[in-house]
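Novice: Sequence and predicted structure, then a few things I'm wondering about:
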Amino acid sequence: SAVISQKPSRDICQRGTSLTIQCQVDSQVTMMFWYRQQPGQSLTLIATANQGSEATYESGFVIDKFPISRPNLTFSTLTVSNMSPEDSSIYLCSGAGTGGITEAFFGQGTRLTVV
Amino acid sequence: AQKITQTQPGMFVQEKEAVTLDCTYDTSDPSYGLFWYKQPSSGEMIFLIYQGSYDQQNATEGRYSLNFQKARKSANLVISASQLGDSAMYFCAMSAGGTSYGKLTFGQGTILTVHP
C-alpha cells in the first residue's frame, strides 16, 4: 500500500496566524482527502482535494478558512487560516488508490494547538 | 447519506482473550466498503481490515476478523488473543460508491483497554 508523509507532526501556533500542512504520497493516488479530529471526537471530512482544480468542501467548511492545493497526484496541502483556539485539532490527510478502494491510508496526522 | 454507529464508548478485555467491537451502518448505496482503523495516542490512523459489500466471506487479517452481517447492517471487529499493545481507540468507517468513492464516514469510536 502507499505511504503518506505528513508534516508537521505537531505545532503550537498563535491565534490569528495560518499554518500549512503538507502531505506527500509515495505513489499516485486518485483521491486525496482532508479530515479534522477535534479533541475527544471522531474524524470529520473537511474536503476532497482534486488534482488541478478547486477542492470540494463539505458542509460547514469553506475555502477561505481551509484553502487546499493539489498540484499533482502525489502532493496536497491544507492551510488553516486565521486560527483560533477552536481550530485546535488533529488534521489528517488520506488517499485512495487507483486500484479500487480496498484500503484508504492516512498520513501520520498533524496535532495543532492554537494559543 | 451514510451513517456509522459504534455504541460502545469503552471496552475492557483481559490480555490473551478475544474481544468484539460493535459497528452498525446505514446506507442506501448497494456498493460500499467497511473499514476498521486503530488510533493509538500518537494520533495516527492505522488501517486494520476492509470488507466490501459484495464480498461473500468475512475478511480476516492476522488477529483481526470482521464479522459482516449484511442483513443486519453490522460489521463487528473481532480481535483474537488481545495484546497490551492493542489498547487504543478503534474506529469503524464506511465508504460508499459512486461520487462518494474514497470518502470515509466514521463512527464515534470505541476505546479499548487491554488489562494484563
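Specialist: Now that the structure is in, tell me what you want to look at. Residues are numbered from 1 along each chain as shown, chains lettered A, B, ... in the order given.

Novice: Residue 95: what's its closest spatial neighbour, skipping adjacent residues?
Specialist: This is for chain A. A:V29 (3.8 Å; C-beta to C-beta, 6 or more residues apart in numbering or on different chains). (C-beta placed from N, C-alpha, C; glycine too.)

Novice: Wait, chain B was what I had in mind.
Specialist: Going by C-beta to C-beta, 6+ apart, B:S95 has B:G33 as its nearest residue, at 4.7 Å.

Novice: which strands and helices sit next to the helix or strand containing that neighbour?
Specialist: For B:G33, the host element (DSSP states H and E) is strand B:32-39. Applying 3 or more C-beta pairs under 8 Å, 6 or more residues apart in numbering or on different chains; DSSP states H and E, one finds that strand B:32-39 contacts strand B:46-52, strand B:64-69, strand B:74-79, strand B:88-96.

Novice: List the strands paired with it, with their directions.
Specialist: Strand B:32-39 pairs in its sheet with strand B:46-52 (antiparallel), strand B:88-96 (antiparallel), by DSSP bridges.

Novice: quick one: the last one to chain centroid distance?
Specialist: I take that to be strand B:88-96. Taking C-alpha atoms, centre = their mean, to the nearest Å, one finds strand B:88-96 lying 5 Å from the centre of the chain it belongs to.

Novice: what comes into contact with the helix or strand just after that strand?
Specialist: For strand B:88-96, the following helix or strand on the C-terminal side (DSSP H and E) is strand B:105-106. The contact list for strand B:105-106 (C-beta atoms under 8 Å, 6 or more residues apart in numbering or on different chains) reads A:42-45, B:2-4, B:91-95.

Novice: and if you look at stretch B:40-50?
Specialist: Contacts of stretch B:40-50 (C-beta under 8 Å, 6+ apart): A:1, A:37, A:43, A:90, A:92, A:94, A:102-109, A:111, B:33-39, B:59-61, B:64-66, B:77, B:88-91.

Novice: One more: stretch B:54-70?
Specialist: Against stretch B:54-70 from outside (C-beta under 8 Å, 6+ apart): B:20, B:31, B:34, B:36, B:48-51, B:53, B:74-81.

Novice: hmm, 7 Å instead?
Specialist: B:36, B:48-51, B:75-81 (C-beta atoms under 7 Å, 6 or more residues apart in numbering or on different chains).

Novice: Tell me where chain A has strands.
Specialist: Secondary structure of chain A (DSSP state E): strands at A:4-7, A:10-13, A:19-25, A:31-37, A:43-49, A:56-57, A:68-72, A:75-80, A:89-96, A:104-106, A:110-114.

Novice: got a markdown table for those strands, with distance to B:Y25, mean pLDDT and mean neighbour count too?
Specialist: Shown next, in a markdown table, are these (distance: least, C-beta to C-beta, whole Å; pLDDT from 0 to 100; neighbours: other C-beta atoms under 10 Å in any protein chain shown):
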| stretch | distance to B:Y25 | mean pLDDT | mean neighbour count |
| --- | --- | --- | --- |
| strand A:4-7 | 25 | 96 | 18 |
| strand A:10-13 | 32 | 98 | 14 |
| strand A:19-25 | 27 | 97 | 19 |
| strand A:31-37 | 18 | 94 | 24 |
| strand A:43-49 | 16 | 95 | 21 |
| strand A:56-57 | 23 | 94 | 16 |
| strand A:68-72 | 28 | 94 | 16 |
| strand A:75-80 | 27 | 97 | 21 |
| strand A:89-96 | 18 | 94 | 25 |
| strand A:104-106 | 16 | 88 | 22 |
| strand A:110-114 | 28 | 98 | 19 |
